[in-house]
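Asker: coordinates for the following, if possible.
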Amino acid sequence: MSAYVVFIREKTTDQAQMDQYAQTAPAARAGHDITRLAFYGALEVLEGPAAEGVAILRFPDMAAARAWYDSPAYRQAREHRHLGADYRMLLVEGSDAAQ
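Answerer: As a prediction, the model looks like this:
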């Protein structure tokens, strides 16, 4: 069953660190089956706290998403994200059943 990683950037605190993240994070996608469904485009908050940006990535399943998140390349990249912005990040299992 598909799984989704949802990034919610709440507040940038260090743009230089975010620039470094933007340079290093793409390499972490190599060898992983990732589909970018939304990637920091225009957004409108309908409920809840404000957000600066949102990205949604689809993976084949929860294990594949975890393998990417725990990979050495993404561990290295995410350190810059942690230093550069306040984020919420969610891993959620999808519903592949037709409605």
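Asker: quick check: residue 18 touching residue 78?
Answerer: No - judged on CB atoms under 8 Å, residue 18 makes no contact with residue 78 at a distance of 11.7 Å. C-betas here are computed from N, CA, C, even on glycine.
Asker: and the average pLDDT for the helix or strand harbouring residue 11 is what?
Answerer: Counting by DSSP states H and E, the secondary-structure element that holds residue 11 is strand 3-12. The average of the pLDDT scores along strand 3-12 is 98.
Asker: check stretch 45-59 too.
Answerer: Averaged across stretch 45-59, the pLDDT comes to 96.
Asker: quick one: that stretch to chain centroid distance?
Answerer: Computed by CA atoms, centre = their mean, to the nearest Å, the separation of stretch 45-59 from the middle of its chain amounts to 10 Å.
Asker: hmm, who's touching that stretch?
Answerer: The set of residues external to stretch 45-59 that reach it, using CB atoms under 8 Å, 6 or more residues apart in numbering, is 2-12, 32-40, 43, 65, 68, 85, 94.
Asker: so which residues of this structure form strands?
Answerer: For the chain, applying DSSP state E gives strands covering 3-12, 35-39, 53-59, 85-93.
Asker: need those strands in JSON lines (columns: distance to residue 27 and mean neighbour count).
Answerer: Putting these into JSON lines (distance: least, CB to CB, whole Å; neighbours: other CB atoms under 10 Å) gives the following:
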{"stretch": "strand 3-12", "distance to residue 27": "17", "mean neighbour count": "17"}
{"stretch": "strand 35-39", "distance to residue 27": "15", "mean neighbour count": "12"}
{"stretch": "strand 53-59", "distance to residue 27": "15", "mean neighbour count": "18"}
{"stretch": "strand 85-93", "distance to residue 27": "19", "mean neighbour count": "14"}
